[in-house]
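# coords please:
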Amino acid sequence: MSVTKKIPQRQCTGCGEMKNKKEMIRVIRTPEESIVIDTTGKKNGRGAYICKSAECFQKAVKNRGLERSLKVSIPHEVYEELEKELSGLES
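Predicted structure coming up:
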C-alpha cells in the first residue's frame with residue numbers, strides 16, 4: 001500500500017486561486033507589527049500568500065486582500081517596499 005503525500009495548498013490574496021504553497025510568496029506580519037516577505041516560509045508571524053506575479057500583487061493591493069489576511073492596515077510605503085522585493089524575486 002503506497003502512501004501519497006499531501007501537498008499543502010494556499011489561497012492567493014490577489015486572484016483567489018488555490019495553489020501549491022511552494023509556488024507562492026508568503027508575506028507576514030511579525031510580532032513587532034512589521035510587514036515583510038518570508039522567503040523561507042518558516043518565520044514567526046501571521047502569514048498571507050500571493051502568487052509570484054506583479055498582477056496578483058496589484059489585485060491584492062486594490063482589494064485590500066493583504067490587509068484583511070494580516071488583520072492590520074498597511075501603509076503605502078510598505079506596499080512600495082514589498083513591490084521592490086517582489087520584482088527582485090521574479091527576476
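
# my reading is that T4 lies in a helix. Confirm?
No. Read with DSSP: H, G, I helix; E, B strand; the rest coil, T4 is coil and lies in no helix.

# report how many residues lie close to it.
Neighbour count for T4, taken as other CB atoms under 10 Å: 5. Quick note: C-beta positions are derived from backbone N, CA and C, even for glycine.

# repeat that for D38.
As a burial measure, D38 scores 17 neighbours (other CB under 10 Å).

# and it, what pLDDT?
D38 is assigned 87 on the pLDDT scale.

# for the residue nearest to V72 when sequence neighbours are not counted, grab the count of nearby residues.
The shortest distance from V72 to any non-neighbouring residue, by CB to CB, 6 or more residues apart in numbering, is to R29 (5.6 Å). Using other CB under 10 Å, R29 has 19 other residues around it.

# hmm, R29 is touching G45, no?
Yes. The pair R29 and G45 qualifies as a contact (CB atoms under 8 Å) at a distance of 5.4 Å.
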